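A.B. asks: give me a model of this one.
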Amino acid sequence: MKTGGQLIVDTLKANGVERLFCVPGESYLAVLDALVDSGVGVTVCRQEGGAAMMADSWGRLTGKPGICFVTRGPGATNATAGLHIARQDSIPMILFIGQVQRDAREREAFQEVEYRRAFTEFAKWVGEIDDPARIPEFVNRAFSVAMSGRPGPVVLALPEDVLREMVANPPAEIHPNPVPAIHPGPAEMKDLANRLSNAERPVMILGGTRWTGQAVRQLERFAERAQIPVGCSFRRQMLFDHLHPCYAGDVGIGINPALADEIRNSDLVILAGGRFSEMPSSGYTLLDVPFPTQQLIHIHADAGELGRVYRPSLAINADPASFADALSGLDVETTPERAERTAKMHGQYLDWSTPPETGPGDVHMGPIIDWLRDHLPEDAILTNGAGNYATWVHRYVRFRKFATQAAPASGSMGYGVPAAVAAKQAFPERTVVAFAGDGCFMMHGQEFATAVQHKLPIIVVVVNNSMYGTIRMHQERDYPGRVSATELTNPDFAALARAYGGHGETVETTAEFAAAFERAEASGIPAIIEIKLDQQAITPTRTLDQISGTGVKK
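C.D. replies: Numbers count the residues shown, from 1 in each chain. The predicted structure is shown next:
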């Protein structure tokens, strides 16, 4: 006989789960007890939103569902921050929520929420397990749903008494459900080859999930053979080597105007893997909705996404890895003019991604990013949340390898620190650096304590300008000189790191950064490096005064 809690853990192990993230709660004590002897790693987090973001980061970097356990009511609602990220970003994740016992349902019992009603907008599927004997069925289905088609989060509610109840004849073995690959048809690939061979100004844009390292390498070889410039969708830059001669730049917030023009004037756009939603499409302006002026080939693992926003000239229902494999055997004609255009676009990217050396104040982010590009290994993982500071990462860092970036395309603040914790546990041998603004850090910075507790030597770079910078930028543009609700008073972040048991550094001039970073690395413990940035340095190229119209460009 086994308890429902033991069957939950058995099914997780059968599906290859190595680690889960949680904030404990009395509603799922039976699962916590079953984990004691399971061999599954448990990361104890400080807030459910951070735990869910860790599960998202795990799923984002490994391609396997990140697992998160939280308690009912306030625990579950806190976790929706990470759940929303996983939903918008197409990340496989399973959120298990302890639920009130079955005989108390529909009485508004203590911390009761009907998750099948409340969470449907946040997840691909929301289920509740009322019979402990069906636990393997439900959990296996959760893995299938999370990873199939367009990946995303699944929510399973677990009534407390179901987890305690004994199952008389549990299965001797639990076999996970297979997730089938979705291969493109030969006729579709032949059509793609013909269209690409005849195109004069093609461009390919990569996005979404279900990629693999092998698929990325296959895509890079094909792009070089076909001489097609390749861009990466917003915060999916790890899908193509930025120094590959076919790389054209990131297609997202603050896109290179030259690249935007090339996409608008292209005669063939190939969208591979992504949805090309509001941010990568520059507010749906790069392609007309619903009928693009360019020929559009859209490849996506979920047939429901094909034609949902844009009507493609050719729709291919395929997962990115299978599509990249099919490209490997494709014969495509090219021309010297195409090669010249591809080289030109790569040169434009290199110019665009070269940071400025100066700016307002005593700390200049350009030289710091240059130093990090030279110093960090190619497989270093960079994480970040949202804010103007992130421009320095997604525009100027040149990603070289697959699975080196964890950042929310949904634009959620607070993501960088919890994402770095999960990244370091997934890849303990690799360098992990989290970027955060001061406002961004304070949303889930308490997960730095999780890094200390689990002895994870992440390095957190806090870019502190004492304000909610992105909102202040928009405020100065739309309501110049009328500052409201954007100023912040912050702690001493280096001292905060030391209070948690980590290493702390403060950088007040550009020249101090390199030595501070090297000391943080050498410490062997979690570290925070606070960069005190002048408020005028709100973007790499424009100051606050220039945005408000009160200053002259420096």
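A.B. asks: tell me the bridge partners for L158.
C.D. replies: When bridges are taken as DSSP bridges, the partners of L158 come out as G98.
A.B. asks: wait, what's in contact with it?
C.D. replies: The contact partners of L158, taken as CB atoms under 8 Å, 6 or more residues apart in numbering, are 4, 8, 27-28, 31, 96-99, 128-129. Every C-beta, even on glycine, is put in place using the N, C-alpha and C of the backbone.
A.B. asks: where does the protein have low pLDDT?
C.D. replies: Flagging of the chain using pLDDT under 70 yields the residue ranges 551-554.
A.B. asks: if I pick the residue in it sticking out farthest from the centre, what's in contact with it?
C.D. replies: The outermost residue of the chain relative to its centre, with distances by CA atoms, centre = their mean, is A168 at 41.9 Å. For A168, the contacting residues are M1, by CB under 8 Å, 6+ apart.
A.B. asks: for the one helix or strand G366 maps to, name the packing helices and strands.
C.D. replies: Counting by DSSP states H and E, the secondary-structure element that holds G366 is helix 365-375. Contacts of helix 365-375 with other secondary structure elements, assessed using 3 or more CB pairs under 8 Å, 6 or more residues apart in numbering; DSSP states H and E, are made with helix 391-396, helix 513-523.
A.B. asks: sheet partners, orientation included, of the helix or strand following the last one?
C.D. replies: This means helix 513-523. Tracing the chain C-terminally past helix 513-523 and defining elements by DSSP H and E, one meets strand 527-532 next. When pairs are called by DSSP bridges, strand 527-532 turns out to pair with strand 459-464 (parallel), strand 503-507 (parallel).
A.B. asks: put the alpha carbons of the last one into PDB.
C.D. replies: Pointing back at strand 503-507 there. Extracted C-alpha coordinates of strand 503-507, given in PDB (Å, rounded to 0.1, in the frame of the first residue of the first chain):
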ATOM      1  CA  HIS A 503      29.700  38.200  -0.700                       C
ATOM      2  CA  GLY A 504      28.900  41.900  -1.400                       C
ATOM      3  CA  GLU A 505      30.600  44.500  -3.600                       C
ATOM      4  CA  THR A 506      29.800  48.100  -4.500                       C
ATOM      5  CA  VAL A 507      30.900  49.700  -7.800                       C
END
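A.B. asks: report the angle between it and helix 513-523.
C.D. replies: Our comparison of strand 503-507 with helix 513-523, counting by axes from the mean of the first three to the mean of the last three CA atoms, to 10 degrees, yields an angle of 180 degrees.
A.B. asks: what do you get for the longest one?
C.D. replies: An angle of 140 degrees separates the directions of strand 459-464 and helix 513-523 when computed by the same axes, to 10 degrees.
A.B. asks: and the contacts of L158, which two are furthest apart?
C.D. replies: Pairwise distances across these (CB to CB) peak at 15.2 Å, for the pair V31 and E128.
A.B. asks: these two: which has the busier surroundings?
C.D. replies: Set side by side, V31 and E128 show more neighbours around V31, with 26 against 18, by other CB atoms under 10 Å.
A.B. asks: the more buried one - that's part of a helix, no?
C.D. replies: Yes. Counting by DSSP: H, G, I helix; E, B strand; the rest coil, V31 is part of a helix.
A.B. asks: ok, the closest residue to N465 other than its chain neighbours - contacts?
C.D. replies: In space, and not counting its chain neighbours, N465 is closest to L533: 4.5 Å by CB to CB, 6 or more residues apart in numbering. By CB under 8 Å, 6+ apart, the contact set of L533 is 361, 363, 365, 389, 463-465.
A.B. asks: tell me the phi and psi of L533?
C.D. replies: Here the main-chain torsion angles of L533 (degrees, to the nearest 10) amount to phi -100, psi 140.
A.B. asks: and what of L259?
C.D. replies: phi -70, psi -40.
A.B. asks: just to check, it is in contact with V251?
C.D. replies: Yes. Judged on CB atoms under 8 Å, L259 makes contact with V251 at a distance of 6.9 Å.
A.B. asks: go through stretch 154-173 and flag the buried ones.
C.D. replies: Of the residues in stretch 154-173, those buried under the neighbour-count criterion (16 or more other CB atoms under 10 Å) are 154-163, 165, 167, 170-171.
A.B. asks: mind listing the strands for the stretch 1-150 of the chain?
C.D. replies: Defined through DSSP state E, counting those that start in this stretch, the strands belonging to the stretch 1-150 of the chain, from first to last, are 2-3, 19-22, 41-44, 66-70, 93-99, 125-128.
A.B. asks: for D191, find the nearest of those.
C.D. replies: strand 125-128 (33.7 Å).
A.B. asks: isn't R430 up against D379?
C.D. replies: Yes. Assessed by CB under 8 Å, R430 is found in contact with D379 at 5.4 Å.
A.B. asks: ranking the helices and strands packed on helix 365-375 by mean neighbour count, which comes first?
C.D. replies: Among the helices and strands packed on helix 365-375, the stretch with the highest mean neighbour count (mean count of other CB atoms under 10 Å) is helix 391-396, at a mean of 22.
A.B. asks: so what does the helix or strand following it touch, helix or strand wise?
C.D. replies: Going down the chain from helix 391-396, the next helix or strand is strand 405-406, by DSSP H and E. Judged by 3+ CB pairs under 8 Å, 6+ apart, the packing partners of strand 405-406 are helix 48-62, strand 381-384, helix 416-426.
A.B. asks: to N317, which of the ones you listed lies closest?
C.D. replies: Ranked by CB to CB, the member of the helices and strands packed on strand 405-406 that lies closest to N317 is helix 48-62, at 22.3 Å.
A.B. asks: okay, the angle between the closest one and strand 66-70?
C.D. replies: For helix 48-62 against strand 66-70, the angle by the same axes, to 10 degrees is 170 degrees.
A.B. asks: for helix 48-62, which positions count as buried?
C.D. replies: Buried positions in helix 48-62, judged by neighbour count with 16+ other CB under 10 Å: 48-62.
A.B. asks: let me know the closest of those residues to A86.
C.D. replies: In terms of CB to CB, no member of those lies closer to A86 than D56, at 4.6 Å.
A.B. asks: residue boundaries of the helices in the stretch 101-250 of the chain?
C.D. replies: Listed in chain order, the helices found in the stretch 101-250 of the chain under DSSP state H, counting those that start in this stretch are 115-118, 135-147, 160-164, 186-198, 213-226.
A.B. asks: helices and strands around the last one, which ones?
C.D. replies: It stands for helix 213-226. helix 320-328.
A.B. asks: what's the answer for the shortest one, then?
C.D. replies: With contacts defined as 3+ CB pairs under 8 Å, 6+ apart, the packing partners of helix 115-118 are strand 125-128, strand 153-159.
A.B. asks: show me the contact partners of the first one.
C.D. replies: When contacts are taken as CB under 8 Å, 6+ apart, the neighbours of strand 125-128 outside the stretch itself are 99, 115-116, 119-120, 138, 141-142, 145, 154-159.
A.B. asks: which two of those residues have the greatest separation?
C.D. replies: Using CB to CB, the contacts of strand 125-128 reach their maximum pairwise distance at V145 and P159, which is 20.4 Å.
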